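Student: Pasted the sequence and its predicted model underneath.
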Amino acid sequence: MRSKRSTPKMLHRAWELRQDLTPAETKLWPYLRTLREQGVHFRCQHAIGPYITDFCAPGRHLVIELDGDRHTHQTEQDGERTAYLTKQGYRVIRFWNGQILNDIQAVIRTVEKELSGQ
């Protein structure tokens, strides 16, 4: 029997979010998909419990969150989210949308370092 990682409502909401990615998510997603060649499988808009992560590599227990302007006012919620995901065994790294849009190569290097354990 397959374990439940979230509710059907959250899984459906994740599906809806995948249909309308932000510009930063749209730019990062193809780069993360190329990591499949190295055996790292990322999922886009992946529901975990009460949260939907922007990108998640479940097999590597890594979550990537992209933060836009609204995140400057919700640091407490982001902290709770990170604490929950950490408790579930995930490492969480965050990038501002501007980092993705303006320096994608630095972001990719950071992700690769995190995946290699450095």
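Tutor: Nice, thanks for sending it over. Residues are numbered from 1 along each chain as shown.
Student: Confirm Glu65 sits in a helix?
Tutor: No: counting by DSSP: H, G, I helix; E, B strand; the rest coil, Glu65 is located in no helix; its state is strand.
Student: Tell me what it is bridged to.
Tutor: According to DSSP bridges, the residues that bridge with Glu65 are Arg94.
Student: quick one: it and Glu37, what's the gap?
Tutor: According to CB to CB, to the nearest Å, Glu65 and Glu37 sit 24 Å apart. C-betas here are computed from N, CA, C, even on glycine.
Student: send the alpha carbons of the worst-scoring helix or strand of the chain on mean pLDDT over as CSV?
Tutor: Each helix and strand of the chain was given a mean pLDDT (mean pLDDT, DSSP states H and E); the minimum falls on helix 8-18 at a mean of 83. Below are the C-alpha coordinates for helix 8-18, written out as CSV (Å, rounded to 0.1, in the frame of the first residue of the first chain):
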residue,chain,number,x,y,z
PRO,A,8,-6.1,14.6,-1.8
LYS,A,9,-6.9,18.4,-1.6
MET,A,10,-3.2,19.3,-1.3
LEU,A,11,-2.3,16.9,-4.1
HIS,A,12,-4.9,18.5,-6.4
ARG,A,13,-3.7,22.0,-5.4
ALA,A,14,-0.1,21.0,-6.3
TRP,A,15,-1.4,19.8,-9.7
GLU,A,16,-3.0,23.2,-10.2
LEU,A,17,0.2,25.1,-9.3
ARG,A,18,2.2,23.0,-11.8
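Student: Pull out the buried positions in that helix.
Tutor: 10, 14, 17 (16 or more other CB atoms under 10 Å).
Student: Comparing Glu65 and Glu37, which residue is more hemmed in?
Tutor: When neighbours are counted by other CB atoms under 10 Å, Glu65 and Glu37 differ, and Glu65 comes out ahead with 18 against 7.
Student: Quick check: end-to-end length of stretch 38-50?
Tutor: 30 Å (CA to CA, to the nearest Å).
Student: which residues touch Pro23?
Tutor: By CB atoms under 8 Å, 6 or more residues apart in numbering, the residues touching Pro23 are 97, 101.
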